[in-house]
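Trainee: next comes the sequence, and after it the predicted model I'd like to discuss.
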Amino acid sequence: MIDTKHKSQRGGIYVITLFIMIALLILGLSLIQLTAVNRKTIDNYMNQTKADYVAEAGIERAVVEYVLKDKDRNLSEYSSELIFLKAKLGEGYYNVFLINGTNSSVNIQSKGFCRGKIKNVNVHVAVNWEADSPHITSFRYQTPVPDSLLMVQ
């Protein structure tokens, strides 16, 4: 005698296994997609941070090499002067302008680039020369200007 009750249930385990495998496949593909999106977000954040640091380095270099280097230099000679164009630093580069100089102060605009990310940094630096050594009397960050208005191309 054939047991019809067990014979009709034999294919059921295959259907259940198939549904479980499909669910695990969908879950695995979702995790792969989520990981790829997170990786891209992290890369964008890292490159934006690197661009920020590169722009800051441009500011520091301009202060050391142009603002503090020569006590006889009158900073008013910098009305709008590009001093560094595509100065490479690590994975990025920066462009720096000295603008609106007076006898003892100057505005510095730096634009940092890293893998397609851009960061603008603007500072106003005032210097006082006493006893032949420079003293920065003011180092103020200014509100960044939009990329379209920045003089550095």
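Mentor: Great, that's in hand.
Trainee: quick check: end-to-end length of stretch 62-75?
Mentor: 12 Å (Cα to Cα, to the nearest Å).
Trainee: what comes up buried for that stretch?
Mentor: Neighbour-count burial for stretch 62-75, with 16 or more other Cβ atoms under 10 Å as criterion, is recorded at 62-63, 66-68, 75. All C-beta atoms are positioned from the backbone trio N, CA, C, and that covers glycine.
Trainee: can you tell me which helix in the chain is longest?
Mentor: Longest helix in the chain by number of residues (criterion: DSSP state H): helix 12-62.
Trainee: and which of the buried residues of stretch 62-75 is nearest to Gly116?
Mentor: Ala62 (24.0 Å; Cβ to Cβ).
Trainee: beyond the longest helix of the chain, next helix or strand please.
Mentor: Scanning forward in sequence from helix 12-62 by DSSP states H and E, the next helix or strand is strand 80-89.
Trainee: need phi/psi at Leu68.
Mentor: Note on Leu68: backbone dihedrals following degrees, to the nearest 10 are phi -100, psi 0.
Trainee: equivalent analysis for the one 10 residues further on, please.
Mentor: Dihedral pair for Tyr78: phi -100, psi 90, per degrees, to the nearest 10.
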